[in-house]
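> show me how the following folds:
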Amino acid sequence: MSLASGCLLYLCVISNFWLCNALQSVHTSRRMGKPLMIPDHYKLFATKARDLSMVDIMEVKADEAPTTSANGANDSSSLGSTKHSIFLFSLPAWNLLETSTTTGTNNNSLGAHAALLVRRLWEWKDDVLGDGRDFFVPRPKTLGALNQILKQQIPHATECVVLSNCARFDVLVVVGKMDHGSSTEDGMLQRVQQPVAQALIQQYTHYKKETQKQKSNKFSLAALFEGPGGGGDQPDRLLLDPPCLRDSAHDSPATTITTADDDDCFLEIKTLTNNLQALQGPESIARYLCRVATGLQAQGRRPGRDVVFRPFSSRDAHVMLQLKRTADVASSNSRIKSLLDTALQAGKAARDPAKVPAILPLKKYGSGGSNSRYSLGDAPSELTEAAAKQAEELSIEPSVDKYVDKWAVLEVSEQIQAFRSAVQLATDEYLGVDLETSPEAKPIRAMMHPHVMNIRSGRPPDLDEILREIQALQ
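Okay, here's the model as predicted:
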């Protein structure tokens with residue numbers, strides 16, 4: 001870039017700085033509750049459209065062309081695109097770990113250590129978040145506090161929600177684009193799984209210390225209302241302000257954890273990291289949660305139990321209430337809230353004879369199976385299997401497809417809003433008309449459509465072409 005054009009561009013940026021600030025304050029993201037951030041590439045595009053001649057624009061663009069990938073396509077990251085990944089980590093069944101190879105070794109002592117650690121974590125979950133014997137009297141304050149703590153502890157996390165009931169303990173995490181280390185899904189999984197384990201160990205360690213204090217002072221008034229068996233929605237039983245964990249693609253637990261005083265904590269972190277069950281990607285996680293909602297997913301705590309589809313069982317349908325409560329607590333987490341809502345819709349559809357006709361023959365068998373005094377007993381396996389198969393086809397898979405499409409829209413929605421805002425600014429400067437309402441701007445609105453489609457496909461818009469088409473309307 002020449003010195004003259006550089007100075008000219010600098011003056012243009014300064015003169016239009018207030019425009020960009022005003023635009024950010026006016027165009028707010030209702031869903032996120034904060035100002036819409038316009039990518040710098042679009043700000044520069046709008047600035048050029050104000051004062052620079054076409055010669056100056058082309059000269060500057062030659063020096064500031066977006067980077068290209070190996071196949072020659074423009075790198076969309078230069079346009080400020082936000083990429084997110086979603087992960088689900090589940091606490092496994094402790095009684096299966098003694099002989100499991102998930103610890104990475106056949107050493108029986110390590111297998112026993114893993115089983116004991118996971119068993120203690122289940123006990124922590126039951127005591128702090130509920131064990132199901134009270135049919136899960138809601139503890140929204142504690143659950144909301146834990147969600148917020150985990151989000152703060154996991155590097156790059158934009159959303160975090162815990163699904164906790166008598167049968168499972170799942171941690172849902174959405175992370176934004178990571179600025180260093182491996183950018184592959186497998187690489188990001190490893191970088192998220194360890195902080196999740198570290199954060200849970202921090203909570204368990206705090207709980208264990210507090211429990212020991214209460215046992216030593218068991219005759220105090222506080223001990224009557226707090227501690228194991230105290231129950232109730234008590235977020236202060238969590239470690240509310242844990243030290244932050246550092247993010248490094250290569251750090252070991254021993255170098256990232258800041259609360260441990262001995263090697264036992266490091267071993268617990270490593271053990272839990274190796275034994276957390278993980279899913280990644282919107283499709284696999286949506287399918288898992290839809291199966292949970294319909295009662296077709298094996299129980300994480302008791303995976304050996306047979307999974308029998310009972311669409312008319314009030315007990316099996318109780319998971320819908322638990323999911324609804326979790327979704328209510330997760331209202332500020334747009335991607336996960338949408339995911340939980342999708343699972344709820346799948347669960348409702350699977351229990352609706354109008355949508356899944358194969359469940360009708362199961363109605364006469366009632367809801368209690370062979371243990372109910374008012375039931376005809378367990379339904380024949382051929383009927384339950386046929387109903388389960390149809391529920392998969394007509395309820396679960398369509399819901400999964402719907403959420404995958406919704407995820408794709410969420411990924412580009414903010415970028416599309418920023419693109420529209422930048423074109424609006426350029427249209428106003430060149431033509432003096434409103435992009436959304438003016439008849440004179442109709443050709444520009446039509447011109448924008450293929451560029452929006454490009455953004456949705458992961459390709460950046462051609463900003464030079466947009467400028468030329470806007471200028472041609474002068």
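> tell me where the stretch 101-250 of the chain has strands.
Ranges of strands in the stretch 101-250 of the chain, per DSSP state E, counting those that start in this stretch, are 157-164, 169-175.
> quick one: contacts of the longest one?
It refers to strand 157-164. Contacts with strand 157-164, where a contact means Cβ atoms under 8 Å, 6 or more residues apart in numbering, come from 84, 125, 129-130, 143, 146-148, 150-151, 154, 169-176, 192, 289, 292, 322-323, 326, 329-330, 333-336, 340. The C-beta positions use only the backbone N, C-alpha and C, and glycine is treated the same way.
> buried residues in the one helix or strand residue 382 maps to?
Taking DSSP states H and E as the definition, residue 382 sits inside helix 381-391. The neighbour-count criterion (16 or more other Cβ atoms under 10 Å) identifies 383, 384, 386, 387, 388, 390, 391 as the buried residues of helix 381-391.
> tell me the one of these nearest residue 116?
residue 388 (35.5 Å; Cβ to Cβ).
> the nearest residue to the closest one once chain neighbours are set aside - how many residues pack around it?
Spatial nearest neighbour of residue 388, chain neighbours left out: residue 309 (4.0 Å); criterion: Cβ to Cβ, 6 or more residues apart in numbering. Counted with other Cβ atoms under 10 Å, residues neighbouring residue 309 total 25.
> if I read this right, residue 309 contacts residue 382, doesn't it?
No. Residue 309 lies out of contact with residue 382 (Cβ atoms under 8 Å); the separation is 12.0 Å.
> which neighbours do those two have in common?
With Cβ under 8 Å, 6+ apart, residue 309 and residue 382 have no common neighbours.
> next, format the strands of the stretch 101-250 of the chain as TSV and append distance to residue 461 and mean neighbour count.
Shown next, in TSV, are the strands of the stretch 101-250 of the chain (distance: least, Cβ to Cβ, whole Å; neighbours: other Cβ atoms under 10 Å):
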stretch	distance to residue 461	mean neighbour count
strand 157-164	25	23
strand 169-175	26	24
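> if I look at residue 322, how far off is residue 344?
Taking Cβ to Cβ, to the nearest Å as the measure, residue 322 falls 10 Å from residue 344.
> sorry, back to before: what residues does the helix holding residue 382 touch?
294, 296, 308-311, 350, 356-359, 361-362.
> again, only this time at 6 Å
Residues from elsewhere that reach helix 381-391 (Cβ atoms under 6 Å, 6 or more residues apart in numbering): 294, 296, 308, 309, 350, 356, 358, 359, 361, 362.
> please apply the same query to stretch 466-474.
426, 430, 447.
> list the buried residues for that stretch?
For stretch 466-474, by 16+ other Cβ under 10 Å, it's 466, 467, 470.
> pretty sure residue 299 sits against residue 167.
Yes. Counting by Cβ atoms under 6 Å, residue 167 is a contact partner of residue 299 at 3.9 Å.
> these two: who's more crowded?
residue 167 (18 against 15).
> ok, the more buried one to residue 296 distance?
13 Å.
> likewise residue 309?
Counting by Cβ to Cβ, the gap from residue 309 to residue 296 is 6 Å.
> and if you look at residue 195?
Where residue 296 is concerned, residue 195 sits at a distance of 31 Å (Cβ to Cβ).
> which of these two has more neighbours?
residue 195 (25 against 20).
> and that one, how close does it get to residue 233?
Separation of residue 195 from residue 233 (Cβ to Cβ): 26 Å.
> how about the helices of the stretch 351-474 of the chain, start to end?
Along the stretch 351-474 of the chain, the segments classed as helices by DSSP state H, counting those that start in this stretch run 381-391, 397-431, 442-456, 463-472.
> and the third one, what's buried?
Pointing back at helix 442-456 there. 444, 447, 448, 451, 454, 455.
> which residue, neighbours along the chain excluded, lies closest to the third one?
Going back to what we said before, that points to residue 448. residue 423 (6.1 Å).
> quickly note the distance from that neighbour to residue 457.
For residue 423 relative to residue 457 (Cβ to Cβ), the value is 18 Å.
> of the two, which one has the most company?
Using other Cβ under 10 Å, the more surrounded residue of residue 423 and residue 457 is residue 423, with 26 against 10.
> mind checking pLDDT for that one?
Residue 423 carries a pLDDT value of 86.
> tell me the spacing between it and residue 455.
Distance from residue 423 to residue 455, by Cβ to Cβ: 12 Å.
> residues near residue 436, how many?
Using other Cβ under 10 Å, residue 436 has 10 neighbouring residues.
> without its sequence neighbours, what residue ends up closest to it?
That would be residue 424: by Cβ to Cβ, 6+ apart, it lies 7.4 Å from residue 436.
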